[in-house]
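1. What follows is a predicted structure for the sequence shown.
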Amino acid sequence: MSTPQHQMQQQAAPAPNWQAAPGTSYTSPIPVTRTHLGHALASEWTKIKSVRSTMWTLGVFLLLVVGIGLLVAAQTSDADYAEVPYTIPAFFGLILGQICLITLGVLVVSSEYGTGMIRTTFTASPQRYRVLTAKLLIFFVVAFVVSAFAIGFVGLATSGMHGGASDNKWGGTVLMGALYVSLLGVLALAVGSMLRHSAGAITSMLGVVLVPAILPAFLMMSESMRTIGEKMQEYNAPNALAQIFELDSDNGGGGPQLALLAGVTAAAIAGAYALLERRDV
Amino acid sequence: MIELEGLTKRYGEKMAVNHLTFAVRPGIVTGFLGPNGAGKSTTMRMMLGLDRPTAGDVRIDGQHYDRLKDPLKYIGALLDAKGMHGGRSAFNHLLCLAQSNGIPRSRVHEVLDTVGLTAVARKKAKGFSLGMGQRLGIAGALLGDPRILMFDEPVNGLDPEGIHWIRNLMKSLAAQGRTVFVSSHLMSEMALTADHLVVIGQGRLLADTSMADFIQRNSRSYVRIRSPQRERLLDVLYGAGITVVETDGGTLEVDGGKPERIGELAAQHQIVLHELSPQQASLEEAFMRLTAESVEYHAHADPSLADPSLAGTPSPSAPPPPSGGQGRQAWGSDWKKG
Ligand SMILES: Nc1ncnc2c1ncn2[C@@H]1O[C@H](COP(=O)(O)OP(=O)(O)OP(=O)(O)O)[C@@H](O)[C@H]1O
Ligand SMILES: [Mg+2]
């Protein structure tokens, strides 16, 4: 470890490049910015815009809600709307269309895990919670705007076709319906973040939507399970939408169903955040 | 500067990275070498905060990665797996990265130009060839004009022209004073690019030494001679006290010999030489010997000790950090004690 040896070795080295380096390490001319949520939002907005799956899922969603909605509207008569809101034709499309939003919600996050993009993303933004927050916000806004537009469009078209039959206010159903399906999508995003696997997360979400809609039929057969069956029947996703669109005009609203979904979604989001920081990617 | 201290990663029973301590210094290319499964990619993922270490610590200029406010301007990384969504265009891929760090859009065009992908900027990444994908990954690493660059096997899938390009790129990045850390399992590749060498095997540090020193230490240098007057030459060389080895092909080899001296001797005795060339034994062999030893050590009683004969040598031979006195003087000395 003697100095002479040190110098000798240094001369023996084949002209290393660090001779060119000044006393300090490299400083970039690009100005330094402290990153914040705004940057993450801009990034996630670019991401969601720039993949085909967004166009596909939202395209099919619009096609289902508007297409089926207009078909239903055309098949109905003015008198059908005496008691119910003009947005009711959108309900039938939404039952199928919610699956599109679920798929998109899952893909927003799980496609990153599937392709390895997530490593690039977390290298660029090591504050993982910020990435998830941006994804949740961007997805929610996109899903809400698109579904509100679709439901609103159906409502307008129907009231145009069957105008003047009723003075039922239907603005609230647009917001509630859009909120419900958007929250389902957000729940799917949180599940996708926890499971990290597209097929697994989509299947789980279909289970969440369909099982409570089908299972009560069997649960009702047994006396002891009857109350659980009734609750499931009341709170399952298709029935929640039916309530929101006042299909069953005597107990309309869907407030409790929406509250339940909000609670479940909040819990899933909390779980997603907790797991996000702990796991390897 | 990247500093690792006792970095350890365990996957179940498997110790992927075992108590690694070393530093990657600015201004030079540091080669990170090890056979398949040695733990190179795992180490790099831990450096980037992607995998959580089981034990130990990594610091980037003294900070933890997830505390960096503008990470892309600190570190640019190319990881082994393709880190991109195939359905997104090259431009949009880089744009979303740039936006996440507040890097101006114009910089995306610049890096696309640097890696030569401007013509296909609007094409989807999944249509890219292996080499194009690699270039896009490198563009992402360069995006923030970072002071530290990390490449996990960057020459994978590149054609000779691409390999040449990468090699020069890494050297010029280091020459600008940046820290360049590049992994490989090809010793020959590293010999051309790296100034410093960190070798791991089975997750453990095997060597941390300057490239020049590694070459000097590990490669046999000899002089190869061919002559039609072989017997006379042998006599002369023996007479001069030079040990000669005869090979199968009829050539002669003098270990550590000086071609000048042999040439002069031959001239004095008027011996015709058809070849007189200094040679270096393959570094690849030295590397294989080194890593093969790691397997051997693993089987012995005390797996916590790395090969002391090699791992203990770095500090005297390493070129001093360009940052002058600010670098750790006896870096590597702490684990020598341990
Ligand atoms: N997520 C993981 N789960 C379990 N084992 C893992 C995981 N990642 C890596 N390993 C194991 O850790 C060891 C080191 O792997 P790593 O990918 O870091 O090696 P490497 O040096 O990069 O190899 P290569 O030269 O082949 O790229 C391997 O034995 C691998 O099987
Ligand atoms: Mg690897």
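-> Thanks, I have the structure now. For clarity, every value in this text was computed on a predicted model and none was experimentally measured. Numbering: from 1, shown residues only, chains lettered A, B, ... in the order given. Ligands and ions are numbered 1, 2, ... in the order given.
2. which non-adjacent residue is nearest the closest residue to ligand 2 within the stretch 151-281 of chain A?
-> Nearest to ligand 2, among the residues of the stretch 151-281 of chain A, is residue A:280, at 14.9 Å (CB to the ion). All C-beta spots, glycine's among them, are computed from the backbone N, C-alpha and C. Sequence neighbours aside, residue B:51 is the residue nearest to residue A:280 in space, at 4.2 Å (criterion: CB to CB, 6 or more residues apart in numbering or on different chains).
3. I'd say that neighbour and residue B:44 touch.
-> No. Assessed by CB atoms under 8 Å, residue B:51 is found out of contact with residue B:44, at 9.2 Å.
4. Of those two, give the one with the bigger neighbour count.
-> Higher neighbour count among residue B:51 and residue B:44: residue B:44, with 25 against 21, using other CB atoms under 10 Å in any protein chain shown.
5. Any stretches of the stretch 151-300 of chain B with poor pLDDT?
-> Along the stretch 151-300 of chain B, segments meeting pLDDT under 70 span B:293-300.
6. try 90 this time
-> Along the stretch 151-300 of chain B, segments meeting pLDDT under 90 span B:155-159, B:162, B:185-192, B:211-223, B:230-231, B:239-251, B:253-259, B:278-300.
7. about what we covered before: which residues touch the residue of the stretch 151-281 of chain A closest to ligand 2?
-> The contact partners of residue A:280, by CB atoms under 8 Å, 6 or more residues apart in numbering or on different chains, come to B:45, B:50, B:51, B:52.
8. The third one falls within a helix, correct?
-> No. For residue B:51, which was evaluated using DSSP: H, G, I helix; E, B strand; the rest coil, the result is coil, with no helix membership.
9. What pLDDT does the model give it?
-> Per-residue pLDDT puts residue B:51 at 94.
10. Check the stretch 51-200 of chain B for the residue nearest ligand 1 and tell me.
-> As assessed by CB to the nearest ligand atom, ligand 1 sits closest to residue B:185 within the stretch 51-200 of chain B, at 5.0 Å.
11. Quickly find the element holding the residue nearest to that residue when sequence neighbours are not counted.
-> Nearest residue to residue B:185, sequence neighbours excluded (CB to CB, 6+ apart): residue B:35, at 5.8 Å. Using DSSP states H and E, residue B:35 sits in no helix or strand.
12. Okay, residue B:35 and ligand 1: tell me how far apart.
-> 7 Å (CB to the nearest ligand atom, to the nearest Å).
13. tell me the average confidence for the helix or strand hosting residue B:98?
-> Using DSSP H and E, residue B:98 falls within helix B:90-100. The average pLDDT within helix B:90-100 is 96.
14. Counting neighbours, which bits of it end up buried?
-> Neighbour-count burial for helix B:90-100, with 16 or more other CB atoms under 10 Å in any protein chain shown as criterion, is recorded at B:90, B:91, B:92, B:93, B:94, B:95, B:96, B:97, B:98, B:99, B:100.
15. same check, this time on stretch B:126-136
-> Buried residues in stretch B:126-136 (16+ other CB under 10 Å): B:128, B:131, B:132, B:133, B:134, B:135, B:136.
16. Columns pLDDT and secondary structure on top of those, output as JSON lines?
-> Below are those laid out as JSON lines (pLDDT from 0 to 100; DSSP: H, G, I helix; E, B strand; the rest coil):
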{"residue": "B:128", "pLDDT": "93", "secondary structure": "coil"}
{"residue": "B:131", "pLDDT": "88", "secondary structure": "helix"}
{"residue": "B:132", "pLDDT": "91", "secondary structure": "helix"}
{"residue": "B:133", "pLDDT": "92", "secondary structure": "helix"}
{"residue": "B:134", "pLDDT": "92", "secondary structure": "helix"}
{"residue": "B:135", "pLDDT": "92", "secondary structure": "helix"}
{"residue": "B:136", "pLDDT": "94", "secondary structure": "helix"}
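17. could you measure the residue nearest to residue A:280 against ligand 2, distance?
-> In this view, residue B:51 and ligand 2 are 13 Å apart by CB to the ion, to the nearest Å.
18. what does residue A:81 give?
-> Distance from residue A:81 to ligand 2, by CB to the ion: 64 Å.
19. Can you get me a residue count around that residue?
-> Residue A:81 has 23 nearby residues by other CB under 10 Å.
20. quick one: the helices in the stretch 51-200 of chain B?
-> B:71-74, B:90-100, B:105-115, B:130-142, B:160-175, B:187-193 (DSSP state H, counting those that start in this stretch).
21. quick one: contacts of the fourth one?
-> In this case it means helix B:130-142. A:120, B:76-79, B:82-84, B:90, B:93-94, B:97, B:111-112, B:114-117, B:120, B:125, B:128, B:149-151, B:154, B:156-159, B:162, B:166, B:169.
22. from those, which are also near ligand 2?
-> Here nothing survives when the contacts of helix B:130-142 are matched to ligand 2 using CB under 5 Å from the ion.
23. Can you tell me which of the residues you listed are buried?
-> Burial by neighbour count, 16+ other CB under 10 Å: within the contacts of helix B:130-142 this picks out A:120, B:76-79, B:82-84, B:90, B:93-94, B:97, B:111-112, B:115, B:117, B:120, B:125, B:128, B:149-151, B:154, B:158, B:162, B:166, B:169.
24. hmm, back to that, could you take the helices of the stretch 51-200 of chain B and lay them out as a markdown table, with extra columns for distance to residue A:269?
-> Shown next, in a markdown table, are the helices of the stretch 51-200 of chain B (distance: least, CB to CB, whole Å):
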| stretch | distance to residue A:269 |
| --- | --- |
| helix B:71-74 | 25 |
| helix B:90-100 | 21 |
| helix B:105-115 | 32 |
| helix B:130-142 | 29 |
| helix B:160-175 | 41 |
| helix B:187-193 | 46 |
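25. Quick one, which of these gets closest to residue A:77.
-> helix B:90-100 (48.8 Å; CB to CB).
26. which helices and strands sit right next to that closest one?
-> helix A:37-49, helix A:117-124, helix B:71-74, helix B:105-115, helix B:130-142 (3 or more CB pairs under 8 Å, 6 or more residues apart in numbering or on different chains; DSSP states H and E).
27. can we see that at 7 Å?
-> helix A:37-49, helix A:117-124, helix B:105-115, helix B:130-142 (3 or more CB pairs under 7 Å, 6 or more residues apart in numbering or on different chains; DSSP states H and E).
28. Report the next helix or strand after the second one in sequence order.
-> Using DSSP H and E, the helix or strand that follows helix A:117-124 towards the C-terminus is helix A:128-161.
29. could you pull out the helices for chain A?
-> A:3-12, A:37-49, A:52-75, A:88-115, A:117-124, A:128-161, A:171-195, A:198-219, A:226-235, A:237-244, A:255-278 (DSSP state H).
30. Quick check: residue B:221 touching residue B:256?
-> Yes. Residue B:221 is within contact range of residue B:256, at 6.3 Å (criterion: CB atoms under 7 Å).
31. quick one, which of these two is more surrounded?
-> Between residue B:221 and residue B:256, counted using other CB under 10 Å, the more crowded position is residue B:221 (13 against 10).
32. follow-up on the earlier one: confirm for me that the residue nearest to residue B:185 is in contact with residue B:200.
-> No. Here residue B:35 does not reach residue B:200: they are 9.1 Å apart, not a contact under CB under 7 Å.
33. Is residue B:279 in a helix, a strand, or coil?
-> Residue B:279 ends up strand, using three-state DSSP.
34. Using the record's assignment, carve chain B into domains.
-> Following automatic domain parsing, one finds the domains of chain B at B:2-216, B:221-280.
35. Ends of the last one, what's the gap?
-> Using CA to CA, to the nearest Å, the end-to-end distance of domain B:221-280 comes out at 4 Å.
36. before we move on, what SS does the closest residue to ligand 2 within chain B have?
-> Closest residue of chain B to ligand 2, CB to the ion: residue B:41 (3.1 Å). When classified by three-state DSSP, residue B:41 comes out as helix.
37. Spit out the contact partners of it.
-> B:80, B:152 (CB atoms under 7 Å, 6 or more residues apart in numbering or on different chains).
38. try residue A:178
-> A:144, A:147, A:148, A:151.
39. picking up where we left off before, tell me the buried residues within the contacts of residue A:280.
-> B:45, B:50, B:51.
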